[in-house]
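*Asks:* Structure of the sequence below:
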Amino acid sequence: MKTKADNTIIAFLLAFQDLKTALGEQEKQNLKEVAKQLDTQPKAWEDYIKGHLLEIITPNPSLNQSYQFYKSKLDNVEGIPDDLLPTEAEISRLNAFDKASLTRGFKPKYEATGYERQLNNVVVIVGSSDKPEETVKQATFLEKWKQFLSQSNPSN
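*Replies:* I've put the predicted structure just below:
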């Protein structure tokens, strides 16, 4: 089965994983707020949360450039193969990695089922982390995405 959904979150995660510099303190606080909103009000994504995530991406030149690159590739993909989504085991491993450095934050309240929930869980864990740049690098499923995108869009 293939899923077609909003590509903003996966493009953000891919770009964030590629980011060579750390986020500023305000960017980290804004990311924590996005994570909290996604955790508590995931249905507000289109109306509210998406805009807040874009406010983190847009002013950061290297993050924005990488985000635009991945977003354009994702927008040309017909559907997402289910095997590219993070498994419950990968989400649990991310959660375990994060617990070593997490002193406060939010954990997903629902099981990882379905495209949006699985990716939301990853953003919640990464965004709630005290070291989101290190946590996102532990998201090994993103490498499968990069490989998929390079094969499905050879012209980009």
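
*Asks:* show me what contacts the nearest residue to Phe148 once chain neighbours are set aside?
*Replies:* Ranked by Cβ to Cβ, 6 or more residues apart in numbering and with sequence neighbours excluded, the top spatial neighbour of Phe148 is Leu84, at 5.8 Å. All C-beta spots, glycine's among them, are computed from the backbone N, C-alpha and C. Applying Cβ atoms under 8 Å, 6 or more residues apart in numbering, we find Leu84 in contact with 141, 144-145, 148.

*Asks:* In TSV: these, plus pLDDT and distance to Asn95.
*Replies:* As requested, these are exported to TSV (pLDDT from 0 to 100; distance: Cβ to Cβ, whole Å):
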residue	pLDDT	distance to Asn95
Phe141	91	14
Lys144	92	19
Trp145	92	20
Phe148	92	24
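
*Asks:* Compare the residues you listed and tell me which has the most neighbours.
*Replies:* Within the contacts of Leu84, most neighbours by other Cβ atoms under 10 Å means Trp145, with 22 neighbours.

*Asks:* Run through the strands of this structure in chain order.
*Replies:* 2-3, 80-81 (DSSP state E).

*Asks:* What's the mean pLDDT across the first one?
*Replies:* If I follow you right, that is strand 2-3. Across strand 2-3, pLDDT averages out at 44.

*Asks:* Which secondary structure element of this structure has the lowest mean pLDDT?
*Replies:* Here the helix or strand of the chain ranked lowest by mean pLDDT, DSSP states H and E is strand 2-3, holding a mean of 44.

*Asks:* From Ala139, how far off is the one residue sitting closest to the centre of the chain?
*Replies:* The centroid of the chain falls nearest to Leu13 when counting by Cα atoms, centre = their mean (3.4 Å). Leu13 sits 7 Å away from Ala139, going by Cβ to Cβ, to the nearest Å.
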